[in-house]
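In: All I have is the shape, not the residue letters:
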């Protein structure tokens, strides 16, 4: 058990962590939804079928998932939406093993690893979704 003086630090860290994680996906989701053409073009270049449809779908998924996590409301659903986005994107969009250019390969590997790490963070959020969260709408 932590000393009582650490409780405000825990609350502060919890809300700041949720906002920082959510910020990544809110901005990315907003870009998906406001820059459909260029984003769909990039998705098409990676072999994504029906790229405009999937850009809009994933934009909504990550935007909603991030808002749910930040608000602490239906956290399991929010985290699940992020995981359902991140795992396929890591393997489809950032398949570094397909790249022959060393710089492109390194860039894709960094994005691949980032997506896996963020998916792991979302899985931790899903695991702790049933517990009480500070500054949370619950659920």
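Out: Received, thanks. Source: prediction; values computed, not measured. Numbering: from 1, shown residues only.
In: what mean pLDDT does the host helix or strand of residue 17 have?
Out: Under the criterion DSSP states H and E, the helix or strand holding residue 17 is helix 7-34. Here the mean pLDDT over helix 7-34 is 92, rounded to a whole number.
In: Identify each buried residue in the helix or strand of the chain with the lowest mean pLDDT, please.
Out: Scoring the helices and strands of the chain by mean pLDDT, DSSP states H and E places helix 7-34 at the bottom, with a mean of 92. Buried residues in helix 7-34, counted by 16 or more other C-beta atoms under 10 Å: 14-15, 18, 21-22, 25-26, 28-29, 31-33. Bear in mind the C-beta positions are built from the backbone N, C-alpha and C, glycine included.
In: Just give me the closest of those to residue 109.
Out: In terms of C-beta to C-beta, no member of these lies closer to residue 109 than residue 28, at 19.3 Å.
In: For residue 26, see how far away residue 59 is.
Out: Counting by C-beta to C-beta, to the nearest Å, the separation of residue 59 from residue 26 is 11 Å.
In: now do residue 41
Out: From residue 41 across to residue 26, the span is 22 Å (C-beta to C-beta).
In: So for the chain, the centremost residue is which one?
Out: The residue at the geometric middle of the chain, judged as the C-alpha nearest the mean C-alpha position with C-alpha atoms, centre = their mean, is residue 82 (4.5 Å).
In: separation between that one and residue 76?
Out: 11 Å.
In: OK, contacts around the residue nearest to the centre of the chain?
Out: Taking C-beta atoms under 8 Å, 6 or more residues apart in numbering, we find residue 82 in contact with 25, 61-62, 65-66, 69, 118-119, 122.
In: Ok, residue 32 next?
Out: Taking C-beta under 8 Å, 6+ apart as the definition of contact, the neighbours of residue 32 are 39, 55-56, 58-59, 62-63.
In: Okay, now the unreliable bits of the protein?
Out: Regions of the chain meeting the criterion pLDDT under 70 cover residues 1-2, 139.
In: Let's see that with 90 instead.
Out: Where the chain drops to pLDDT under 90, the residues are 1-14, 129-139.
In: Identify the residue spatially nearest to residue 63, adjacent ones excluded.
Out: Among residues not flanking residue 63 along the chain, residue 29 sits closest, at 3.0 Å (C-beta to C-beta, 6 or more residues apart in numbering).
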